[in-house]
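**Student:** Coordinates only, no sequence provided:
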């Protein structure tokens, strides 16, 4: 008794699914602009005073000029529309602290964080999902207990403290790790292609720079990996356990396939959706983690920039960071949604 | 073993216990059961009788941490094993799917929702028979026709959710038969299906048993299904065999009080069918005795 | 006797993804007279459960009417169920989810008693007797009972409300084969003893034959055949009913394969 | 569990003897969630460890004036002394006793985390229950706001909110409240949605329960346990976020002996490891303890991950 009412545009189910997810992501991004803008306008502390300092702020003329220059004297709705208009031109305003356009500040900070985050997420997925699966297959045995403890420590240890401890031990005491920053002071940043020093150095053939950049990545990277891996081990373990209880795994074993075949073709495919979900979440907490660790390692990324601008009430910069991180996070989740649709035929139908 | 040994499976004193040594639960308490080739052996019982666990134990798919005892001997056209329980895991895995295959109650759960029918149908035979991708595909098409899934070419490209329950169970049977096994364990193969769909599956199982000389173990709680399909019937309760005999004998002249109570609980006990009519009735399929 | 249910040209339509519509119930009409046991038979997806839910006001009708003693049945939205409709009660398919796991059995049966007219009000103990359960059951929790026992509790709870109509939505489908006929018969006896009519929904025609006076066979949202159960069983008129009957495997020990 | 046959008594949860394997899998969560077996949860050794640590920290928080050797604010010692017989945990850059400050830190973090978790659990659960039960427009509005909050990584949003409100511990709690209610709302909503169509809830409605009574009698008691687990696990998270914000200078202001802020002191005086080590350990022990207890609670709700079931041999 199925009746087809009208035919939609001739799109495959996957294309339609992706289009819908994309639409939702765009709406969310608009929501994010609204949130960053609203929050910035809630500020009870006077940004004029914060930017100009006590003395200048006591002169009404200077304050008025500042407010006009920043557009703070106009109605809120107009301010928002102006803000959106500027966004479309890639204009995030001017930082009240660095006096640079926020876009320019972010274009320096963003690749730094991207390099760290990519390094961490790739390692974490490999290690986290691998160990989580292993633990699930050895449920309640020694490896399982061991990984559970390690992942428990990973998610329970304060990232900023771990960063500090790692820096103290491996740099200050053991001298194994290089100091703060992304490169040693003696080296020049490689010519900018992607903004990721390791990749740019390889592109330029500067192998010394590459190894140096890599060695700087390792310590902050490992600190963040421990946390992200902790999260991934926990959740992929339980996702795999869920799938192991599915009848299709029993059926696959009844076929006499090799254990590896059952695990890779049946179990991991079945667990891939929840694992992807948690990868998205882990990426979010990784971005949070960078804020707390970049400060310690003087990394000069988005995290450190966010910290500086938030503590100094640098409104345009705060809005810019919130927006960029929000958009990155939404896009990550969009990509994950698309992957869902590609690997699970049932998702497209809904 | 000599060629005169009848093909099939033979269980002797099969026991299975779960849980730690101190507080173990006996799931199976010494099952004797013969599953000869070319015949459908019925295993009946209520929830918790251990009938499903018997089927799983034959395939070596008992829960981890359970302990098995007794023997399961196997004789097939390609070889024999005096005791499956004594085999190394690797050897048992080579047998599983190749010599002894299994189908489950709910095909929507026993097929992987994210893998195409082609992949699920061919991976077993590619593993066991080492056939090429294209040959596997040809075999898969033939199997789907054999279990009468319409339009096998298209069916191969589809995913499980695109089929009805009855079609899926046919596909699951095709998957089980992919490596030409000689034993098929069917665990409640029609319980999740509608009655009109069930009839088709029952006929298919009978036909496959007769034409392929399969040894089929039919595990079901439904005495109607049992009566339609099984040649011999074994009734289990609390992990023990309470009655064993030919289909007619167990259903019409049950010896144990428990079997009697099961049969009396039916909405239409067989007594309603006159014996004279029974004797004269045309009988489809084989009669074991 | 009060409690006449009339269903006239009822349609229930669902929206599916991709702008498609599914007519789950597609123009169904029937009557349920007081004191009657009507069996509604069909296979999965035929719309029999949707129809049962519509009768209880749990699904909105897209057209047609369902009336109870002349009053139409509104959809149970976020309001309380109107008092006169409390005289239609239901027993669900799954005894493992139809009882609140955190409340004592006696309290749940008392919920039914609370809405019965004072003059007809029974007691928890009496209801437990009716469904052949020990009176001590009242103090226990649902997980302490087997499926068959839980279904008896659900029947007791529904009957406590002194309904005029008891609807059983596949009440025996989840039970062991050896319990099905027993529970179905119990349900019929309890309903009739308390003066209720019974709408017994099942996919199993052989059980319906044991409990129902009249049977209606549903296929793809429509009733294809209705009549006294004995005559439908022995001389089905509709081809679908014939197929359905022929497909039932009989436990006669003869090895006869049902017609496919 | 490898067997699909949950009918075998040894395999099934005692609460559950479902008739068909399919139904059993579907029902499993309903039946299992229904009974929170607290005693067995607390009998697990790891849970006992966690519980003991939590109890010790709460005792410290309550009785700290009698436990701490010195005034946490008094600048009465030589500055930056390493741990020694007088100052077991050393002294900080203003000559205050690190041990006393660490112990007093419990008085700040624990109550604030408690307030935060309880408040966000209540706000989130109520909003989620409303969204799930009443659906439609209410649901849309509540869940779209939740989606927006989820569009940001937690601490970034908390940072923006705190920056907007001005740095202070109160504002940090408000900011974290703002970012943490939606996870409860999501969990609660999905559980209420699941429970709403459960047969016993429908049966209750058919027996004339009003929506409110149905929510209170049939739904909430059966969905409370998972929220409790979430809250327990979230407690550790709350401590981490609070101290994180303080570490960034957006929470506690000097001279408050807050753990995160104390670790931040350690960044300034990098070579004096004891400044950061002890408050950091304090955070770690509290968070681990709550995660241990939360895990044990979750396992007891979900026997799949619990010790009763062995792994699957593949």
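**Tutor:** Nice, I can see it. No experiment lies behind these values; they were computed from the predicted model shown. Residues are numbered from 1 along each chain as shown, chains lettered A, B, ... in the order given.

**Student:** How far does the host helix or strand of residue A:36 sit from its chain's centre?
**Tutor:** Using DSSP states H and E, residue A:36 sits in helix A:13-42. Taking CA atoms, centre = their mean, to the nearest Å, one finds helix A:13-42 lying 17 Å from the centre of the chain it belongs to.

**Student:** Could I get the average pLDDT for that helix?
**Tutor:** Across helix A:13-42, pLDDT averages out at 86.

**Student:** Could you pull out the buried residues of it?
**Tutor:** The neighbour-count check on helix A:13-42 (16 or more other CB atoms under 10 Å in any protein chain shown) flags A:16-18, A:21, A:25, A:28-29, A:31-33, A:35-37, A:39-41 as buried. Every residue, glycine included, has its C-beta placed from N, CA and C.

**Student:** near chain D at all, it?
**Tutor:** Yes: using CB under 8 Å from any CB of the partner chain, helix A:13-42 comes into contact with chain D via A:28, A:31, A:32, A:34, A:35, A:36, A:39, A:40, A:42.

**Student:** Check those residues against residue C:221 and report the nearest one.
**Tutor:** Nearest to residue C:221 among these is residue A:28, at 40.2 Å by CB to CB.

**Student:** which residues touch the closest one?
**Tutor:** Shown in contact with residue A:28 (CB atoms under 8 Å, 6 or more residues apart in numbering or on different chains): A:330, D:147, D:148, D:151.

**Student:** quick one: which of those residues is nearest chain C?
**Tutor:** When those are ranked by distance to chain C (CB to the nearest CB), residue D:147 comes first, at 20.9 Å.

**Student:** need the helices for chain B, in chain order.
**Tutor:** Secondary structure of chain B, counting by DSSP state H: helices at B:51-58, B:89-95, B:107-110, B:117-129, B:133-146, B:152-157, B:165-177, B:195-212, B:223-229, B:247-252, B:257-264, B:275-280.

**Student:** for the stretch 1-150 of chain D, same thing?
**Tutor:** For the stretch 1-150 of chain D, helices defined by DSSP state H, counting those that start in this stretch occupy the ranges D:21-33, D:38-43, D:45-67, D:98-134, D:136-150.

**Student:** Pick the most deeply packed of these.
**Tutor:** Among the helices of the stretch 1-150 of chain D, the stretch with the highest mean neighbour count (mean count of other CB atoms under 10 Å in any protein chain shown) is helix D:98-134, at a mean of 22.

**Student:** Helix or strand with the lowest mean pLDDT in chain B?
**Tutor:** Every helix and strand of chain B was ranked by mean pLDDT, DSSP states H and E. The lowest is helix B:275-280, at a mean of 45.

**Student:** Let me know the angle separating the helix holding residue A:36 from helix D:136-150.
**Tutor:** Relative orientation of helix A:13-42 versus helix D:136-150 (axes from the mean of the first three to the mean of the last three CA atoms, to 10 degrees): 70 degrees.

**Student:** dump the residue contacts of the residue nearest in space to the middle of chain A.
**Tutor:** Centroid check for chain A by CA atoms, centre = their mean gives residue A:287 as the closest residue, at 3.8 Å. By CB under 8 Å, 6+ apart, the residues touching residue A:287 are A:113, A:117, A:302, A:303, A:325, A:328, A:329, D:153, D:156.

**Student:** Counting by contacts, list what the strand or helix carrying residue C:54 packs against.
**Tutor:** Applying DSSP H and E as the criterion places residue C:54 in helix C:48-55. Using 3 or more CB pairs under 8 Å, 6 or more residues apart in numbering or on different chains; DSSP states H and E, the elements in contact with helix C:48-55 are strand C:5-16, strand C:20-32, strand C:37-41, strand C:165-169, strand C:197-202.

**Student:** try 10 Å
**Tutor:** strand C:5-16, strand C:20-32, strand C:37-41, strand C:63-68, strand C:88-91, strand C:165-169, strand C:197-202, strand C:214-219 (3 or more CB pairs under 10 Å, 6 or more residues apart in numbering or on different chains; DSSP states H and E).
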